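In: From the sequence below, what's the structure:
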Amino acid sequence: MANVEVRNVYKTFDSVEAVKNLSFHVKTGEFFSLLGTSGCGKTTTLRIITGLEQQDRGEVLIDGKEITSIPIHKRDIGFVFQNYALFPHMTVKENIEFGLKMKKISKNSFDSKVRDILALVGLEGYEDRMPKQLSGGEQQRVALCRTLVLSPKVLLLDEPLSNLDAKLRKKMRIELKDIQRKIEVTTIYVTHDQEEALSMSDKITVMNRGQGIQIGTPYEIYEKPASRFVADFMGQVNLYKGRIVQKIGSEVTIVSDQTPDIKVLLTLEEERDYTEGKQFLFLIRKEGIEVLDKEIKGRTDVDSFIARVQAVIYLGSHSECICTFEGKKGQITFRLPASLRSLELLRTGDKVMLGWRPSNVALIGKEGEKYESES
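Out: Okay, the predicted model is just below:
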């Protein structure tokens, strides 16, 4: 096991900055994800760590040792590619043994190593099968075995589940995380899938245009986005602009031309200027909004507002309802569980009472800061 540090790394292809001043630290045994859209620099970062690309500036360290000058085969890093890269003319056993042969490990241990690693991923008895005889999930596990059998200090995974169907991806997330936890290997995982990163990671770096926009736990990334880009990218939010008109204790009131007056419960770790007149972006998450039977009066822990239904979209497990606030420019979208039979309860043109707690609203940043230009 090892810890990995990326310090102020830059990489340019022609005139395109693929990676720009990127820094992060992965602790020993941690599952760390690079999350972002296609072209944000996450795969380039992975290739720099493994040695397949050379950074223009910056450092990559493993256990405190700079590795840029170390050849790929001596870095003790395992890399699982997006397309698995199995040799089609070799059996499962021969594919797994390939790396052992390249490292000139004693052949006497081959059989036991192959057996043990296949047992770890639940593929006992698959030694003599050819890649074409395997499902996508089985091929993915063989590719993982071929890397893990070498006991690398660091495991790099480049969107290894992207070729699988949605149901199998969810199953493989659990299996992959379970394997990583058992062998306690330091893992850096590249994905564009928000749910994948949230469900598997100990820490996440959200990337955009070659930069690390925010680093944090899945909870921090989802619940406390540091910028408009992160909030919008993670999805399931309503984003608005407004200004503070009142601050009492840990609660501020924001006025917006897009929504009714909104109360926000501040968290203790936030250190910003919340004086009256300051402008902020704020979000309300879809899952934090409820349909109320009647207006809530006299309670400070819940806000309630009247809105008009514009559309109800049935999505199977839930429905999404789009509403407008009367006298305001903004729309608000919220989720309704399927159990509420939302298609029968709400129809276009209906008035509806909505409620949410101030703790379900979050301030992102001041309007006009870098957050506006990120998206």
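
In: Can you give the distance of stretch 279-289 from its chain's centre?
Out: Chain-centre distance of stretch 279-289: 19 Å, with C-alpha atoms, centre = their mean, to the nearest Å.

In: just to confirm, which helix or strand has the closest residue to G125 other than its chain neighbours in it?
Out: Leaving aside its sequence neighbours, G125 sits nearest to L118 (C-beta to C-beta, 6 or more residues apart in numbering; 8.0 Å). In this view, the C-beta of every residue, glycine as well, is placed from N, C-alpha and C. In the assignment (DSSP states H and E), L118 maps to helix 110-120.

In: Output the helix or strand harbouring I188 in CSV, but only the C-alpha positions, please.
Out: Using DSSP H and E, I188 maps to strand 186-191. Taking C-alpha atoms only, strand 186-191 is exported to CSV below (Å, rounded to 0.1, in the frame of the first residue of the first chain):
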residue,chain,number,x,y,z
THR,A,186,-4.7,2.5,-2.6
THR,A,187,-7.1,3.2,-5.5
ILE,A,188,-7.6,6.1,-7.9
TYR,A,189,-10.8,5.7,-10.0
VAL,A,190,-11.8,7.7,-13.0
THR,A,191,-15.5,8.1,-13.8
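
In: give the contact list for G349.
Out: G349 is in contact with 308-309, counting by C-beta atoms under 8 Å, 6 or more residues apart in numbering.

In: Contacts only, for the residue at the greatest distance from the centre of the chain.
Out: The outermost residue of the chain, judged against the average C-alpha position, is N108 (42.0 Å), by C-alpha atoms, centre = their mean. The contact partners of N108, by C-beta under 8 Å, 6+ apart, come to none.

In: Return the per-residue confidence for it.
Out: N108 carries a pLDDT score of 80 in this model.

In: Likewise for S33?
Out: S33 is given a pLDDT of 97.

In: swap in G136?
Out: 86.

In: That one - nearest residue in space that isn't next to it in sequence?
Out: L164 (5.0 Å).

In: right, and the one you found touches M172 too?
Out: Yes: counting by C-beta atoms under 8 Å, L164 touches M172, with 6.3 Å between them.

In: who touches both of these two?
Out: In contact with both L164 and M172: 137, 140, using C-beta under 8 Å, 6+ apart.

In: quick one, strands of the stretch 101-250 of the chain?
Out: 154-158, 186-191, 203-208, 211-216, 237-248 (DSSP state E, counting those that start in this stretch).

In: Could you measure from V121 over to T253?
Out: Going from V121 to T253 by C-beta to C-beta, to the nearest Å gives 54 Å.

In: Neighbour count: those two, which is higher?
Out: Neighbours per residue, other C-beta atoms under 10 Å: of V121 and T253, the larger number sits with V121, 20 against 16.

In: ok, so what distance separates that one from P337?
Out: Here the criterion is C-beta to C-beta. By it, V121 lies 36 Å from P337.

In: what comes up buried for stretch 51-64?
Out: Neighbour-count burial for stretch 51-64 flags 51, 53, 55, 58, 60-62 (criterion: 16 or more other C-beta atoms under 10 Å).

In: So which of these is the closest to R7?
Out: G58 (5.6 Å; C-beta to C-beta).

In: Let me see the confidence value for the closest one.
Out: So, for G58, pLDDT stands at 97.
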